[in-house]
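Novice: model this:
(chains A, B and C)
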Amino acid sequence: MIVVVSSTGNEITASIDPRFGRCAYYIAYDLEKDTFKAVENTSRNATGGAGIQAAQAVADMDADAVITTNIGPNAFRVLEAAGIKVYSGTTGTVSQAIEDLKKGSLGTAKSPNVGEKFGMGQGPGRGGMN
Amino acid sequence: MKQITIISGKGGTGKTTLSSSFAKMAKDHIAVDCDVDAANLHIMLSPSIKEKNDFIGGEIAVVSDDCISCGRCEELCRFDAIRDSTGDIIIDPLKCEGCGVCREVCPADAIELKSGRQGQYFVSDTGFCPMVHARLDPGAENSGLLVARIRNIAEDIAVKENKKAIIIDGAPGIGCPVIASLNGVDFALIVTEPTLSGINDFKKAHEVTKFFDITAFACINKSDINSQNCKIIKDYCRENDLELLGEIPYDGKVPKALSRKEFIIDFPESPAGGKIINLWEIIEKKLYD
Amino acid sequence: MIISVASGKGGTGKTSVAVSLARSLEYCQFLDFDVEAPNARFFLKPEIKNEEKVSIKQPYFLQETGADFSRCAEFCHYNAVAYVKNKVVFFPELCHGCGGCLLVGPPESVREKDVLVGKVLKGKSEPGIDFLMGDLIPGSLRTISVQSRLEDYISKREKVIIDCPPGTSCTMVTAVKNSDFCILVTEPTPFGLNDLEISLEVLKNLSIHSAVIINRDGVGDSCVEDYCNKNNVKILEKIPDDIKIAKAYSNGTSIPEIYPEWKKRFLAIIDIIEKDVK
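Specialist: Numbers count the residues shown, from 1 in each chain, chains lettered A, B, ... in the order given. All right, here's what the predicted structure looks like:
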């Protein structure tokens, strides 16, 4: 099972980046092999729909689950369509979150954190911050 | 960390007067000026620029000499941006939306999509707080994109420096830059005035906040210039469950103070100054609780 | 002759000046290009005769055909289409209606439908003002689409007054670019001056002649007037800061209706502009 975590850095010691669509890196962690790959988020400054583009990229990584803090409705819709579980509201380090996931102590997101319907003509749909 | 955007629908109702006052009174915060094509917040906050960056906007189609003038691009352009002028294909950069359809259908591979600089954005220090602001090049497009960029940067700073609040000065109207300034914020403060135009645009701005599910509050500026219209606004707020946070009377000292780049809140004995301080006390509780 | 009325800063009095010019002319065409917040109708009180819907064409996807829509997701420049696990996820708010999906997508599996973004209203105000305005649906981003429809109706025969949106970016440019002359309305404050300078540059880039009206003269300082004098920018008029004008404005009454002697002054402005355009 592959879980993708939004991260501020390219190591699992880094802290979770609170914004799914605009984070610095994605850590794609393979739970069976206990290996990971850090992927730079090229959607960060996308010309529009950054969250959507990021979600598409994460789906293309064959992710089964995503761990993040805040995720907007557009990115959430894409992940949901891909059948990817979303654990939002998570903070701390990437490695701690992975441990918590293995132990089964992360809840599952039911709906996005921020308002519905955010799409902007030439701006991104993205997760906001609380 | 919470974010509040000050919008109005109608221009000139007092967004910048309020946001600059709030930026002066708040603590542990960042100010963002999202009125990128007529930015005014810097006039009050006098930021010293620490970082300057070019803003590269969206793409525009450009046609090369390989063009064989078949006209296929003109047929398919939905934005009326392509014209056949005596055998030469001309693409109007003001109308082109960079969709890529013309490039896709060109049999001669004569069309490219190019992006160029559309403005600049800055990270600055005001003495009250960090400030993120921008200048769109005159006539440029993608104002919504530029707003999204500076919002993103402000959030980066807030995360890094553990800020408690982001105060956002919005643009007039209800278009892309306004919507980009509302994306994901915790609250919108809609500033209105008791004029027919003000009321109309206030309702539209409120509809936008409802459409995007943003918690909104209202305040009436220059409230005493028309008591009948003021009542209309209050009735609307009541009927639409919109909390009215304050009424600021017309105060001739305000434009004079602004002209001298002075804050009206530094004159709390002035009617408007006192009311703005009260308004901030209410908002502060909501932002920092 | 087409005259646009614009200003960088909002709330300086564009609409106030535009409707005052129309009321003084009495016979002209008036177009409200501020389609996000159209207010001129409260002053000109037109009898609306016709409403025209403005729509864009947006795609819908026949997913039951099992076709591969990945090209649509790859092509879209606005990220309005995602394609994951053979499912299309479409974001209408981001879609510009470019027709790309229809073009590159699996044939027969992508169709289009009209989506309303706003409307154009046409009417008449006494005694002979042809009134047109655009009205964007709140939440829609297609300001340009509504303005473009309005552009189709600009008269080539009558004197035309165009009320522009505030700002200096694409929506303002769309409103001014068809005009022969642009009046910039500003307030005599550092804010007014800041935005005036940007507006002047926009008009210079568009090669449109312009001049300034200072509104609410007396409310701030002389910075705008000094700038104009120093930079050879013509000041057409100075409208005083007057509580009667402000109260009238709040009720949808224009300046010549409150002060009849101003009708002559607004007509004089049109004369000056006409001479300049020739």
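Novice: close to chain A: what parts of the stretch 151-289 of chain B are there?
Specialist: B:152, B:155, B:158-159, B:175-176, B:179-180, B:183-186, B:211-214 (CB under 8 Å from any CB of the partner chain). C-betas here are computed from N, CA, C, even on glycine.
Novice: just those residues now: which is nearest C:Lys275?
Specialist: Closest approach between those and C:Lys275, by CB to CB: B:Gly175, at 35.9 Å.
Novice: what's the spacing between that closest one and B:Gly98?
Specialist: Relative to B:Gly98, B:Gly175 is positioned 18 Å away (criterion: CB to CB, to the nearest Å).
Novice: for the two, indicate the residue with more neighbours.
Specialist: B:Gly175 (28 against 24; other CB atoms under 10 Å in any protein chain shown).
Novice: quick one: the helices in the stretch 51-200 of chain C?
Specialist: Assigned by DSSP state H, counting those that start in this stretch, the stretch 51-200 of chain C shows helices spanning C:70-75, C:100-104, C:143-151, C:170-176, C:190-205.
Novice: correction: chain A
Specialist: A:50-60, A:73-81, A:94-103 (DSSP state H).
Novice: for the last one, packing partners?
Specialist: Yep, that's helix A:94-103 we're talking about. Judged by 3 or more CB pairs under 8 Å, 6 or more residues apart in numbering or on different chains; DSSP states H and E, helix A:94-103 is in contact with strand A:2-7, strand A:25-30, strand A:65-67.
Novice: swap the cut-off to 10 Å and go again
Specialist: strand A:2-7, strand A:25-30, strand A:35-40, strand A:65-67, strand A:85-87 (3 or more CB pairs under 10 Å, 6 or more residues apart in numbering or on different chains; DSSP states H and E).
Novice: name the nearest residue to C:Arg276, ignoring sequence neighbours.
Specialist: One thing to correct before we go on: residue C:276 is Asp, not Arg. C:His209 (5.8 Å; CB to CB, 6 or more residues apart in numbering or on different chains).
Novice: hang on, the one you found packs against C:Leu200?
Specialist: No. C:His209 lies out of contact with C:Leu200 (CB atoms under 10 Å); the separation is 11.1 Å.
Novice: overlap in contacts of the two?
Specialist: Any residue near both C:His209 and C:Leu200 by CB atoms under 10 Å, 6 or more residues apart in numbering or on different chains counts here, and that gives C:Cys182.
Novice: can you tell me how far the residue nearest to C:Asp276 is from chain B?
Specialist: Distance from C:His209 to chain B, counting by CB to the nearest CB, to the nearest Å: 16 Å.
Novice: that residue pairs with what?
Specialist: C:Phe181 (DSSP bridges).
Novice: can you count the residues close to the closest residue to chain C within chain A?
Specialist: Nearest to chain C, among the residues of chain A, is A:Gly49, at 2.6 Å (CB to the nearest CB). For A:Gly49, the neighbour count with other CB under 10 Å is 32.
Novice: same check on B:Glu247?
Specialist: B:Glu247: 18 neighbours (other CB under 10 Å).
Novice: do the same with B:Ile90
Specialist: B:Ile90 - counted by other CB under 10 Å - has 13 other residues nearby.
Novice: ok, what's across the strand from it?
Specialist: Applying DSSP bridges, one finds that B:Ile90 bridges with B:Arg83.
Novice: contact partners for it?
Specialist: B:63, B:74, B:81-84.
Novice: re the thing from before, make a markdown table from the helices and strands packed on helix A:94-103 and add mean pLDDT, distance to chain C and mean neighbour count to it.
Specialist: Listed next are the helices and strands packed on helix A:94-103 as a markdown table, based on pLDDT from 0 to 100; distance: least, CB to the nearest CB, whole Å; neighbours: other CB atoms under 10 Å in any protein chain shown:
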| stretch | mean pLDDT | distance to chain C | mean neighbour count |
| --- | --- | --- | --- |
| strand A:2-7 | 96 | 13 | 26 |
| strand A:25-30 | 96 | 16 | 21 |
| strand A:35-40 | 96 | 17 | 15 |
| strand A:65-67 | 95 | 13 | 25 |
| strand A:85-87 | 92 | 13 | 19 |
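Novice: with respect to B:Leu279, which of those strands lies nearest?
Specialist: strand A:2-7 (36.4 Å).
Novice: and the angle for that closest one with strand A:25-30?
Specialist: Counting by axes from the mean of the first three to the mean of the last three CA atoms, to 10 degrees, strand A:2-7 lies at 160 degrees to strand A:25-30.
Novice: tell me the bridge partners for residue 2.
Specialist: The chain I'm using is chain A. A:Asp30.
Novice: actually, chain C is the one I wanted.
Specialist: C:Val160.
Novice: how far away is it from A:Lys33?
Specialist: 69 Å.
Novice: got it, and A:Thr13?
Specialist: For A:Thr13, the distance to A:Lys33 - CB to CB - is 19 Å.
Novice: which residues touch residue 57?
Specialist: The chain I'm using is chain A. A:4, A:26, A:39, A:41-43, A:63, A:78.
Novice: wrong one, chain B
Specialist: A:47, A:122, B:98, B:115-119, B:136-137, B:140-143, B:145-146, B:149.
Novice: of those, keep whichever come out buried.
Specialist: Using 16 or more other CB atoms under 10 Å in any protein chain shown as the burial test, the contacts of B:Gly57 include A:47, A:122, B:98, B:118-119, B:136-137, B:140-143, B:145-146, B:149 as buried.
Novice: sec struct for B:Glu141, please.
Specialist: Under DSSP: H, G, I helix; E, B strand; the rest coil, the three-state class of B:Glu141 is coil.
Novice: ok, and the closest non-adjacent residue to it?
Specialist: C:Cys170 (4.6 Å).
Novice: how many neighbours does that neighbour have?
Specialist: 24.
Novice: is it true that it touches B:Asp92?
Specialist: No. C:Cys170 is beyond contact range of B:Asp92, at 11.8 Å (criterion: CB under 10 Å).
Novice: nearest to B:Asn221, of the buried ones among the contacts of B:Gly57?
Specialist: Once CB to CB is applied, the member of the buried ones among the contacts of B:Gly57 that ends up nearest B:Asn221 is B:Ser143, at 24.4 Å.
Novice: from what I can see the closest one touches B:Gln118, true?
Specialist: Yes. Assessed by CB under 10 Å, B:Ser143 is found in contact with B:Gln118 at 8.5 Å.
Novice: list the residues that contact both of those two?
Specialist: B:36, B:57, B:134, B:136, C:169.
Novice: ok, what's across the strand from B:His133?
Specialist: B:Phe122.
Novice: wait, doesn't it sit right on B:Cys34?
Specialist: Yes. Contact criterion CB under 10 Å: B:His133 and B:Cys34 qualify, at 8.6 Å.
Novice: overlap in contacts, these two.
Specialist: With CB under 10 Å, 6+ apart as the test, B:His133 and B:Cys34 both reach B:41, B:150, B:154, B:169.
Novice: contact partners for the first one?
Specialist: B:Leu41 makes contacts with B:15-16, B:19-20, B:23, B:31-35, B:47, B:126, B:131, B:133, B:167-169, C:191, as judged by CB under 10 Å, 6+ apart.
Novice: next, count neighbours for the closest residue to it other than its chain neighbours.
Specialist: Once flanking residues are discounted, B:Leu41 sits nearest to B:Asp33: 3.8 Å by CB to CB, 6+ apart. Burial of B:Asp33 is recorded as 33 neighbouring residues (other CB under 10 Å).
Novice: show me the contacts for B:Asp33.
Specialist: B:16, B:19-20, B:23, B:39-45, B:47, B:122, B:124, B:131-135, B:147, B:150, B:167-171, B:181.
Novice: kindly report the same for B:Gly14.
Specialist: So B:Gly14 contacts B:6, B:8, B:21, B:191-193, B:219-222, B:248, B:254, B:258, B:272, B:276, C:11 (CB under 10 Å, 6+ apart).
Novice: ditto for B:Cys77
Specialist: Counted by CB under 10 Å, 6+ apart, B:Cys77 has contacts B:61, B:83, B:91-92, B:95-97, B:99, B:101-102, B:105, C:98-99.
Novice: roughly how far apart are the residue nearest to the spatial centre of chain C and chain A?
Specialist: Closest to where the C-alpha atoms of chain C average out (CA atoms, centre = their mean) is C:Phe33, at 2.8 Å. C:Phe33 is 18 Å from chain A, where distance means CB to the nearest CB.
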